[in-house]
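Colleague: Just a sequence and a predicted model for now, questions to come.
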Amino acid sequence: MIRGLLTPGFLTGLFIVLFWVLCALFGPWLEPMDPYRDDLMNALAPPSAAHWFGTDQIGRDIFSRIIAGARPILSVAPAATLLATLCGTSLGLITGYAGGWVDAVLSRLIEVILALPLIVVALLVLVALGPSSLNVTIVIALVFTPIIARTVRSAVIGECKLDYVPAAALRDEGALHIMSVEILPNILPPILVEVTVRLGYAIFTVASLSFLGFGVQPPSPDWGLTIAENYGLIVGGYGWTVGFAALATASLVVGVNLVAEGLEEAVR
Amino acid sequence: MAAPALCVTNLSVSYGKTAILRDVSLTVEAGECFGLVGESGCGKSTAAFAVMRALPPAGRITGGSIAMDGQDVLALKRHELRQLWARRVSMVYQDPSRALNPTLTVGAQLMEAFAVLGLTGTRERAEAMLAKVQIPSPTRVMGVYPHQLSGGTQQRVVIAMALAKDPVLLVLDEPTTGLDATVEAEILDLVEALRREAGTAVLLISHNLPMVARMCDRIGVLYAGSLVEQGPAAALLRSPRHPYTARLISCLPGGGRRKEDGPLQTIAGQLPGPGMALAACVFAPRCDRAEDKCQSVPPAESWVDHHMAKCHFEPSVSTPADALLDDLGPAEGARAPVLVAKSLSKTFGATRAVHDVTFELAAGETLGLVGESGSGKTTLARLLLGLNRPDPGGTILLDGVALGPNLASRSRAQRQAIQIIFQNPDSALNRAHRVRYILGRPLGKLAGASGRALTTAIAELARNVRLGEAHLAMRPRALSGGLKQRVAIARAFAGRPRVVLCDEPTSALDVSVQAAILNLLAGLQRREQVAYVFISHDLAVVRYLADRIAVMYLGHMLEIGPAEEVLTGPHHPYTAALVSAATAATRVRLKGEIPGPGEVQGGCIFQKNCPRKIGPVCETLAPPFDPESVHPVRCHIPWGELPVVG
């Protein structure tokens, strides 16, 4: 399987993702300048030798802010995805294995959450709880759990048709053992693929929520926030203030999706 | 003299770099039926597709020539090849539900077969063809979709489409796998009748040697991609000239053999998989007559009277029987019943899957459970296991103690006492676990072993089923079908059960592997005094292993009694049909279609199909059935007038 994994697409995606992870981890050592230091004399300067990506409205170096912006997004999105995976997998295992009324009730609940538009739910929750990284993490996990649960449930139902599941029941295994030790190892490949795809969506959602003002607050160098603060300037010809943040977000999402595709190919 | 329908000379086929067929030469004369026999991995399906030049993209014909009706197939261009497929050669596949387009009606598909030939009046022709393949009410079936038909009827439709063009050659690739015995018999009769009428040549590909022997004029035996023997059917079976054929025939549990007569012969070693390095004679590693020259010098074809064998030696007069694998010892004396089922029923919605079944099972005894699809045998097994709840009123007694209706209500000892070996070892073993865990877990849970005692117990269990140390560290996907089934058997026996349900344990296995598994089951039964409920559709296997046989039909138990008596008679008319399905001459035919759920309201369940129906009494009065007697038969016909074999 490892050999099937190392396709050009997967490697490109992995390279991009690792680059941003490094930025998130070692940002302070990689930034050429302090991302928070303003320099009003130099505000809105186009890209040049001194400032590779130019400066923003109050003269902060955009290149440093882009590097620093990797951290907020990469601390929230993976955590949210992980939380969603844990909850979604458990929910999927229970509904898929138990069947009957347990499945009927929980599936209807899942469908209700799935029917709600993500941003609306996020806005409602964040208005109620207040915008913060933790709340954004919780909200995204809440909305992604049913999606993962649905995938896991159908994988589990497929496994339950195989004879080793009743064979386990016949030797006195409890439901918990059957779900975690018998079924789970066999459904890991589709879960892995689903998780990676969700991560891409999570990144995009975090950026969207920051854009709407419901994520981290200024003066954070978060990319979504940067776009929100500066998109009015595009008309005036100061596109670089927005463009690089947008490219950074896009590249990270594309990178994650390439990794997901590579995994899916290898798993098949 | 007409050109042969098919003439294959030195054909070699590979997939990528792996050679699948090596130097295969065979000839099918016009109007002749040629059977190609072999076990899994021998390349018979590849041969079928290669002959039609319908190999998948990875397949390449690397040598040899194929001539159909005198025409060189390999030299044809693409559009000429399509004409060949349209007009001269037809194929009938293994799974008819996949061969038919689910989005088109039967009529549309059949008319297409005629339209391609440029004929008019396709609707009338299609209906006439349906009638010719003996499908009842052809006009109605024209407008029906494939999924609404039974497997047997679907296969008839495929045959109708195949014969619409009056082909020179008809290729059948395992056409009756998955069909019931009686349906299989009818399909084969049909092909035989149509063949004689139209003079079509037939290439029949199968792993089922007895069936091929019945149908075919000549037989070819494939092993590891090489045709090791070829000859007239009767001569090949009576006096095979190649050691592999001889061993294959002796592996079959047939001819009235019983387990008391001794273990079946097996072939040592394993079937070579594709791409494995082979000796000069492909069968040398497993042959008990192999010498040094067999490893290095490829055997030439040796012809005697149209009968060819690729062997360095002349056939020996008799093949010695294997030494007993276990010292079986004498069977024990009178045995008390370990399992008693009374009035078991199970209804799923409107369907009565099992109806009022009563029987007893003694320790160390095998009860063979025969029946076709829909008979309820698998449901009955699940009821005994506790995987399904029986309808109220039914009881199951284990050693005199009533069992709870489902697993949760049974004690650990009770759950441990009844185990099952499933049909498909791929699905029965958890592919994520290693064999050591698969065996160790039930030993730990049911037998309570742990630590060093557990390791010893695992080793002993593996030894009992002839698994090696190396196998314990492997995952199921690294094992062959036979080895996987051994693991499944070991797992079933881990908790020292009293009753083991065997749900068609050998039907997914090759003939040579089946013999070893049956020997193993017989040996374990002797040693552990465990009772079997052996479900199978293969009467030869049941006859070998079973002490008593029960026959089921649409959820009703029609008959139960000592094995030999049930098979030879006097027996139920349905049993007569099942037993005679194997022989064309004396076959008892069933009338009509199998009734749907709820169709039969009163009287005998078999009334719609029975060839010996007496009259109105069969429709109004339920036939008597006394479970206490030795050999009860659910029929109105008096004992003396029941059908008998012979």
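Modeller: Perfect, thanks for sending it.
Colleague: Please name the residues that touch residue B:3.
Modeller: B:30, B:67, B:69-70 (CB atoms under 8 Å, 6 or more residues apart in numbering or on different chains). All C-beta spots, glycine's among them, are computed from the backbone N, C-alpha and C.
Colleague: need the contact list for residue A:227.
Modeller: So residue A:227 contacts A:207, A:211, A:242, A:245-246, A:249 (CB under 8 Å, 6+ apart).
Colleague: do you know how far it is from chain B?
Modeller: Distance of residue A:227 to chain B, computed by CB to the nearest CB, to the nearest Å: 45 Å.
Colleague: pLDDT score assigned to that residue?
Modeller: For residue A:227, the model assigns a pLDDT of 91.
Colleague: would you turn the contacts of residue A:227 into JSON lines with distance to chain B?
Modeller: Output for the contacts of residue A:227, formatted as JSON lines (distance: CB to the nearest CB, whole Å):
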{"residue": "A:207", "distance to chain B": "37"}
{"residue": "A:211", "distance to chain B": "43"}
{"residue": "A:242", "distance to chain B": "49"}
{"residue": "A:245", "distance to chain B": "44"}
{"residue": "A:246", "distance to chain B": "43"}
{"residue": "A:249", "distance to chain B": "38"}
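Colleague: In these, find the pair that's most separated.
Modeller: Largest separation among the contacts of residue A:227 by CB to CB: A:207 and A:242, giving 12.4 Å.
Colleague: So which bits of chain B are right by chain A?
Modeller: B:385, B:387, B:407, B:412, B:415-416, B:418-420, B:422, B:424, B:427-433, B:441-442, B:445-446, B:491, B:494-495 (CB under 8 Å from any CB of the partner chain).
Colleague: Kindly write the PyMOL command that selects the buried subset of the residues you listed.
Modeller: The PyMOL command for the buried members of the residues of chain B next to chain A (criterion: 16 or more other CB atoms under 10 Å in any protein chain shown) is given here:
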select buried, chain B and resi 385+407+415+416+418+419+420+422+424+427+428+429+430+432+433+441+442+445+446+491+494+495
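Colleague: hmm, who's touching stretch A:28-40?
Modeller: Contact with stretch A:28-40 is made by A:22-23, A:52, A:55, A:58-61, A:63-65, A:67-68, A:219, A:221, as judged by CB under 8 Å, 6+ apart.
Colleague: CA atoms of that stretch as PDB?
Modeller: C-alpha atoms of stretch A:28-40 as PDB (Å, rounded to 0.1, in the frame of the first residue of the first chain):
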ATOM      1  CA  PRO A  28       8.500  32.900  15.200                       C
ATOM      2  CA  TRP A  29      11.800  31.600  13.900                       C
ATOM      3  CA  LEU A  30      10.800  31.800  10.200                       C
ATOM      4  CA  GLU A  31       9.200  35.200  10.100                       C
ATOM      5  CA  PRO A  32      11.600  37.900   8.900                       C
ATOM      6  CA  MET A  33       9.800  40.600  10.800                       C
ATOM      7  CA  ASP A  34       7.400  40.900  13.700                       C
ATOM      8  CA  PRO A  35       3.900  40.400  12.300                       C
ATOM      9  CA  TYR A  36       2.300  42.700  14.900                       C
ATOM     10  CA  ARG A  37       4.700  45.600  14.500                       C
ATOM     11  CA  ASP A  38       3.000  48.500  12.700                       C
ATOM     12  CA  ASP A  39       4.800  51.000  10.600                       C
ATOM     13  CA  LEU A  40       2.400  53.700   9.400                       C
END
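Colleague: For whichever residue of chain B sits closest to chain A, list the residues it contacts.
Modeller: The nearest approach of chain B to chain A comes at residue B:432, 3.6 Å away (CB to the nearest CB). Going by CB under 8 Å, 6+ apart, residue B:432 touches A:182, A:185-186, B:475.
Colleague: And those, which of them are buried?
Modeller: A:182, A:186.
Colleague: The residue nearest to the spatial centre of chain B: what's its closest spatial neighbour, skipping adjacent residues?
Modeller: Nearest to the geometric centre of chain B sits residue B:507, at 4.9 Å (CA atoms, centre = their mean). Excluding its sequence neighbours, the residue lying closest to residue B:507 (CB to CB, 6 or more residues apart in numbering or on different chains) is residue B:423, at 6.0 Å.
Colleague: Secondary structure element for that neighbour, which one?
Modeller: For residue B:423, there is no host helix or strand (DSSP states H and E).
Colleague: So it versus residue A:126, what's the distance?
Modeller: 55 Å (CB to CB, to the nearest Å).
Colleague: so what's residue B:490 scoring on pLDDT?
Modeller: 93.
Colleague: What of the one 4 residues further on?
Modeller: The predicted local distance difference test score for residue B:494 is 90.
Colleague: Quick one: residues contacting the nearest residue to it once chain neighbours are set aside.
Modeller: Ranked by CB to CB, 6+ apart and with sequence neighbours excluded, the top spatial neighbour of residue B:494 is residue B:442, at 3.8 Å. Taking CB under 8 Å, 6+ apart as the criterion, residue B:442 is in contact with A:171, B:491, B:494-495.
Colleague: Make JSON lines from these and add secondary structure and distance to residue B:378 to it.
Modeller: Formatted as JSON lines, those follow (DSSP: H, G, I helix; E, B strand; the rest coil; distance: CB to CB, whole Å):
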{"residue": "A:171", "secondary structure": "coil", "distance to residue B:378": "20"}
{"residue": "B:491", "secondary structure": "helix", "distance to residue B:378": "19"}
{"residue": "B:494", "secondary structure": "coil", "distance to residue B:378": "23"}
{"residue": "B:495", "secondary structure": "coil", "distance to residue B:378": "22"}
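Colleague: Chain B contacts on the stretch 51-200 of chain A?
Modeller: Applying CB under 8 Å from any CB, one finds that the stretch 51-200 of chain A approaches chain B through A:161-164, A:166-173, A:182, A:185-186.
Colleague: can you do 6 Å?
Modeller: The stretch 51-200 of chain A comes close to chain B at residues A:162-164, A:166, A:169, A:171-172, A:182, A:185-186, as judged by CB under 6 Å from any CB of the partner chain.
Colleague: Throw together a ChimeraX command that grabs the buried residues out of the contacts of residue B:3.
Modeller: In ChimeraX, this line selects whichever of the contacts of residue B:3 come out buried by 16+ other CB under 10 Å:
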select /B:30,67,69
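Colleague: With secondary structure added, can I get the contacts of residue B:3 in CSV?
Modeller: Shown next, in CSV, are the contacts of residue B:3 (DSSP: H, G, I helix; E, B strand; the rest coil):
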residue, secondary structure
B:30, coil
B:67, strand
B:69, coil
B:70, coil
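Colleague: For residue B:55, see how far away residue B:5 is.
Modeller: 20 Å.
Colleague: My guess is residue B:417 contacts residue B:500. True?
Modeller: No - using CB atoms under 6 Å as the test, residue B:417 is too far from residue B:500 to be in contact (9.9 Å).
Colleague: follow-up on the earlier one: tell me the one of the contacts of residue B:442 nearest residue B:392?
Modeller: residue A:171 (27.8 Å).
Colleague: where does the nearest residue to the closest one once chain neighbours are set aside land on pLDDT?
Modeller: Leaving aside its chain neighbours, residue A:171 sits nearest to residue B:442 (4.5 Å; criterion: CB to CB, 6+ apart). For residue B:442, the model assigns a pLDDT of 89.
Colleague: Could you look up the SS state of residue B:442?
Modeller: Classification of residue B:442 by three-state DSSP places it in helix.
Colleague: ok, now residue B:355?
Modeller: Applying three-state DSSP: residue B:355 is strand.
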